[in-house]
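Student: Provided below are the primary sequence and the corresponding predicted coordinates.
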Amino acid sequence: MSSVTTPLSPDTVPGPAEPGRLQKRKQGGSGGGLARYIVVRVLLIIPTIFILVTLVFVLMRSTGDPITAALGGRLSAAQLAERIHAAGYDRPLYVQYFEYLGHAFTGDFGTTLSDNQPVVQVLLTYGSATLELAFYALIVAFVVGIPLGMVAAYYRDKGRDAFLRVFAILCYATPVFFAGLLLKLVFSIWLNWLPVAGRASTSAELAMQTLPSPTGIYLIDAFQTGDPAIVGDVLSHAVLPAIALGLLTAGVFLRLVRTNVIGTLSTEYVDSARSRGVSEIRLVRKHAYRPALIPIITVIGLQIALLLGGAVLTETTFEWKGLGFQLVHYLQARDFVAVQGMVALLAVIIAVTNFIVDIIAALIDPRVRY
């Protein structure tokens, strides 16, 4: 008697875990992994902000009370004591700390001593300029860093690759203010192609101020005027600051793209495509390009901190009136209330930005969640 063996279909495979169920579990695990990752990141951002705000408070208070620092040489001892008592800076440090913490978590970072403005209002007034400059700088970083990184990977260990690696190091190592001064010397003084400083000419600023609802972001306001000359004026003023600040990040992007494209080109699926006769340049452009962008997304949060730090020097060099320019003004005035509030707010912005970038990276690359 012969027996006939019937192949088992995937749905009839014996065992505790059927493939259909496994697939559902995998899908459920993926969603659960993302939700768990988001919850963990939310829980981590709270102590991060708390530590940052605490560090700013401790560092600022280590210089003494803000009233004495700002007005010590201009008021008598009795007037100073009166001001200090009115502001509450003669109370125990822990009392000041908890009061500051309570105000900070409600969005109140104090009032500046030099011009009597709420620190949050200062951020809203000058933050648009810094945001605009950071946007321009990121465009420069992407346009310069990503294509050159792909070129360096394509010509790996050849002359062009060596040159581009040196270029990346120079971009990252050159101080922003020095790069800005060189750019001004060459393109503004010697060649007279671009403006030396400022965000726009006086006439363009006056035209944008007459708008019914100006945003503070000059490029948007320039388009609202409908005058191509004003748009060109705003863009011409932005070129040199954007290049000076953008090259700092472009060096990082170049190295990251080069390293990850080279790593991707050595994977099995790329070797399989290569064996089918796919050209090397097509492999770089089609197969290795997208995987190389994932690390760029994950480090954008860190680069935001780098851009905001570099914005202080860039805005001062080019008289770009943003948060960095205003922060230097408050430092010179020894207005430590303003400095403390602005630095704490910038720290919060950086922490939140890193959180958003982490979530985007987890959505694009599931491996980040685990």
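Tutor: Thanks, I have the structure now.
Student: With R255 as the reference, measure out to I169.
Tutor: Distance, I169 to R255, using C-beta to C-beta, to the nearest Å: 8 Å. For the C-beta atoms, the positions are set from N, CA and C on the backbone; glycine is no exception.
Student: Before we move on, what's the pLDDT of the residue nearest to the spatial centre of the chain?
Tutor: The centre of the chain sits closest to I304, judged by C-alpha atoms, centre = their mean, with a distance of 1.3 Å. I304 carries a pLDDT score of 74 in this model.
Student: so what does the strand or helix carrying it touch, helix or strand wise?
Tutor: Using DSSP states H and E, I304 sits in helix 289-318. When contacts are defined as 3 or more C-beta pairs under 8 Å, 6 or more residues apart in numbering; DSSP states H and E, helix 289-318 sits against helix 119-154, helix 176-183, helix 228-265, helix 323-332, helix 336-364.
Student: Contact partners for the nearest residue to E319 once chain neighbours are set aside?
Tutor: In space, and not counting its chain neighbours, E319 is closest to A197: 4.0 Å by C-beta to C-beta, 6 or more residues apart in numbering. When contacts are counted by C-beta atoms under 8 Å, 6 or more residues apart in numbering, A197 touches 184, 318-320.
Student: re earlier: between the helices and strands packed on helix 289-318, which gets nearest to G88?
Tutor: Of all the helices and strands packed on helix 289-318, helix 336-364 sits nearest to G88, with 11.9 Å by C-beta to C-beta.
Student: Could you check the angle that closest one makes with helix 323-332?
Tutor: 150 degrees (axes from the mean of the first three to the mean of the last three C-alpha atoms, to 10 degrees).
Student: any idea of the mean pLDDT in stretch 176-195?
Tutor: Average pLDDT, stretch 176-195: 92.
Student: The residue nearest to the centre of the chain reaches V352, doesn't it?
Tutor: No - I304 is beyond contact range of V352, at 9.9 Å (criterion: C-beta atoms under 8 Å).
Student: returning to what we had before: let me know the secondary structure of the residue nearest to E319.
Tutor: Here A197 takes the coil state, with states given by DSSP: H, G, I helix; E, B strand; the rest coil.
Student: picking up where we left off before, return the closest of the contacts of A197 with respect to S114.
Tutor: Nearest to S114 out of these is E319 (C-beta to C-beta; 19.0 Å).
Student: Could you report the neighbour count for that closest one?
Tutor: By the measure other C-beta atoms under 10 Å, the count of residues near E319 is 12.
Student: Counting neighbours, which of the contacts of A197 end up buried?
Tutor: 184, 318, 320 (16 or more other C-beta atoms under 10 Å).
Student: can you give me the helices for the stretch 1-150 of the chain?
Tutor: Secondary structure of the stretch 1-150 of the chain (DSSP state H, counting those that start in this stretch): helices at 19-61, 66-71, 77-87, 93-104, 119-154.
Student: Same list (those helices) but as JSON lines, adding distance to F163.
Tutor: Output for the helices of the stretch 1-150 of the chain, formatted as JSON lines (distance: least, C-beta to C-beta, whole Å):
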{"stretch": "helix 19-61", "distance to F163": "40"}
{"stretch": "helix 66-71", "distance to F163": "49"}
{"stretch": "helix 77-87", "distance to F163": "57"}
{"stretch": "helix 93-104", "distance to F163": "48"}
{"stretch": "helix 119-154", "distance to F163": "9"}
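Student: one step back: which residue of I169 and R255 possesses the greater neighbour count?
Tutor: With neighbours defined as other C-beta under 10 Å, I169 and R255 compare such that R255 has more, 20 against 13.
Student: Quick check: phi and psi on the spatially closest residue to that one that is not a sequence neighbour?
Tutor: Leaving aside its sequence neighbours, R255 sits nearest to A168 (C-beta to C-beta, 6+ apart; 5.1 Å). For A168, the backbone dihedrals (degrees, to the nearest 10) come out as phi -60, psi -40.
Student: Surely A168 is in contact with T259?
Tutor: No - A168 lies out of contact with T259 (C-beta under 8 Å); the separation is 10.8 Å.
Student: With neighbour numbers in mind, choose between the two.
Tutor: Between A168 and T259, counting by other C-beta under 10 Å, A168 is the more crowded of the two (25 against 15).
Student: Now do the contacts for the more buried one.
Tutor: For A168, the contacting residues are 145, 148, 250-252, 254-255, by C-beta under 8 Å, 6+ apart.
Student: hang on, the earlier thing: okay, the residue nearest to R255 and L182: tell me how far apart.
Tutor: When distance is defined by C-beta to C-beta, A168 is 18 Å away from L182.
Student: try T298
Tutor: 31 Å.
Student: between the two, which one's more packed in?
Tutor: Shown here are T298 and L182; by other C-beta under 10 Å, T298 has more neighbours (19 against 13).
Student: Which of the buried ones among the contacts of A197 sits closest to A311?
Tutor: Of all the buried ones among the contacts of A197, W320 has the smallest distance to A311: 8.1 Å, by C-beta to C-beta.
Student: Helix, strand or coil: sort out that closest one for me.
Tutor: coil.
Student: burial measure for the nearest residue to Q224 once chain neighbours are set aside, as a count.
Tutor: Of all residues not flanking Q224 in the chain, L211 sits nearest, at 5.4 Å (C-beta to C-beta, 6+ apart). Using other C-beta under 10 Å, the number of residues around L211 comes to 13.
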